[in-house]
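Q: Here is a sequence together with a model predicted from it:
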Amino acid sequence: MTAGETIRGLLELTRPINVVAASVLTFIGAFVAGGVAAEPLSVTAAIAATGFAVGAGNAINDYFDREIDRINQPGRAIPRGAVSPRGALGFSLVLFGGAVGLAITLPAAAIAIAAINLLALVAYTEFFKGLPGLGNALVAYLVGSTFLFGAAAVGNMGPAVVLFVLSAIATLTREIIKDVEDIAGDREEGLNTLPIAIGERRALQIATGLLIVAVIASPIPYLLEYFGIMYLLVVVPADAVMLYAAVESFDDPTAGQSHLKYGMFLAALAFIVGRAAVTIPTGG
C-alpha cells in the first residue's frame, strides 16, 4: 500500500461523516444552552474533543471488529489491507489523547461526561457489543450525550437533557435496525445481538415502538418553551421520515437505517431553528 492509500485508510477509520455529525450535535448542545457567543473557546474545545473521541472510538471499533468486518464490511480499511490492525490501534490512541487534552480544559461536568464516554467507547466493542440490547443502549447514550457535553461545556445542561433523551431513543432504534442488517456476520462471530436473541421481526417491532415513543415526546421542548414554533414545523417532517424508515426496515433494514439517519439529521436541524426562533429578537 502507498502512503496515500494508508492516509486515506486512516481517515476512513474515523468515519468522517460520523465525526462531523457528532461534532455538530455538540455544537447544538452548546447553542441550545445559549453559550456559543459567551464561551466560544469552550465550545470550540468541546467540538474538537468530540471529533477526536468519535474518530478514536470508530478506529478502535474497527480494530476489535476486524474479523467480523471481513464478512460484513470487506471494503473497510483493515480488511482490505490499507491499514494494519496495529496501525489502527495506535492511531486510535493518538486520537484519544487529543480528546483528553481538549476535554480537560472544560468545566468539571463536561470533564465527567468526557471521561465516562471515553471509557464507554473503549469498552463498547470488547464487552458490550455482543450483549442483546446493552451494546445498542450504550451507543444510544453516547450519541445523545453529545448534546449534554456541548451544554456542559458552557455551564447550562438544562435544555439539553430533553434533547439527550429524544436523540438516545432514536439512536437506539437505528442501532437495533443495524443489528438486523448485520445479522449474518454477527452470527458467524458468535455475537448474541438482540435480533439473534429474540428474532429479527420482534427486534424490529421493539425498535419501532421505541421510535413511536420518541415521536410522541418530540413536542416536549416546544411545550417547555425551550424552542419556538419553528421547531415543530421542522420536527414534524423529521418524525414522518423516521417513522417511514422504521416501517421500511421490516422489508429492507439497510434502506431503513439509512433513511432513519436522514430523519435524525432533520430533527437536529429542528433543534437549531427552534432555539434560534426564541433567541433572535424580532423587530417592533
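A: The structure has been received and is ready for your questions.
Q: show me where pLDDT drops low in the stretch 51-200 of the chain?
A: Residues of the stretch 51-200 of the chain meeting the criterion pLDDT under 70: 125-126, 129-130.
Q: quick one, helices of it?
A: 66-72, 85-103, 108-123, 134-153, 158-181, 183-188, 194-198, 200-217 (DSSP state H, counting those that start in this stretch).
Q: Number of residues surrounding L134?
A: Other residues lying near L134 total 15 when counted by other CB atoms under 10 Å. The way it works is simple: take the backbone N, C-alpha and C, and place the C-beta from them, glycine included.
Q: Could you measure from it over to V236?
A: 32 Å (CB to CB, to the nearest Å).
Q: Check V20 too.
A: 25 Å.
Q: One more: L118?
A: 36 Å.
Q: So which of the two has more stuff around it?
A: L118 (19 against 14).
Q: Quick check: that one touching V100?
A: Yes: using CB atoms under 8 Å, L118 is in contact with V100, at 6.9 Å.
Q: any idea which residue sits dead centre in this protein?
A: For the chain, the residue nearest the mean C-alpha position is V143 (3.3 Å; CA atoms, centre = their mean).
Q: residue contacts, it?
A: Neighbouring residues of V143 by CB atoms under 8 Å, 6 or more residues apart in numbering: 22, 25, 167-168, 171.
Q: Of those residues, just say which sits nearest to Y226.
A: Closest to Y226 out of these is S167 (14.2 Å), distances taken as CB to CB.
Q: Which residue is the nearest non-sequential neighbour of the closest one?
A: G144 (4.2 Å; CB to CB, 6 or more residues apart in numbering).
Q: ok, now M157?
A: Leaving out its chain neighbours, the residue that sits closest to M157 by CB to CB, 6+ apart is A151, at 4.5 Å.
Q: Could you pull up the residues touching the one you found?
A: Here A151 is in contact with 29-30, 32-33, 35, 157-160 (CB under 8 Å, 6+ apart).
Q: Likewise for L194?
A: 132-133, 136, 176, 179, 203, 206.
Q: With distance to R66 and neighbour count added, can I get those residues in JSON lines?
A: Putting the contacts of L194 into JSON lines (distance: CB to CB, whole Å; neighbours: other CB atoms under 10 Å) gives the following:
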{"residue": "P132", "distance to R66": "23", "neighbour count": "16"}
{"residue": "G133", "distance to R66": "24", "neighbour count": "18"}
{"residue": "N136", "distance to R66": "21", "neighbour count": "27"}
{"residue": "I176", "distance to R66": "23", "neighbour count": "30"}
{"residue": "D179", "distance to R66": "19", "neighbour count": "27"}
{"residue": "A203", "distance to R66": "25", "neighbour count": "25"}
{"residue": "I206", "distance to R66": "29", "neighbour count": "18"}
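Q: Go through these and name the one nearest I78.
A: Of the contacts of L194, the one sitting nearest to I78 (CB to CB) turns out to be D179, at 20.8 Å.
Q: Can you give me the neighbour number for the residue nearest to the closest one when sequence neighbours are not counted?
A: Once flanking residues are discounted, D179 sits nearest to T193: 4.4 Å by CB to CB, 6+ apart. Residues within reach of T193, counting by other CB under 10 Å, total 25.
Q: Just confirm T193 contacts E181, I think it does.
A: No: in this structure, T193 is not within contact of E181 by CB under 8 Å, at 10.8 Å.
Q: mind listing what's buried in the longest helix anywhere in the chain?
A: If you go by DSSP state H, the chain has its longest helix at helix 253-279. For helix 253-279, the neighbour count (16 or more other CB atoms under 10 Å) marks 253, 256-261, 263-264, 266-275, 277-278 as buried.
Q: do stretch 227-245 as well
A: 227-228, 230-232, 234-235, 238-239, 241-243, 245.
Q: how about the residues you listed in CSV, adding secondary structure and pLDDT?
A: Formatted as CSV, these follow (DSSP: H, G, I helix; E, B strand; the rest coil; pLDDT from 0 to 100):
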residue, secondary structure, pLDDT
F227, coil, 89
G228, coil, 88
M230, helix, 93
Y231, helix, 93
L232, helix, 94
V234, helix, 95
V235, helix, 95
A238, helix, 96
D239, helix, 96
V241, helix, 96
M242, helix, 95
L243, helix, 95
A245, helix, 95
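Q: Sounds good, over and out.
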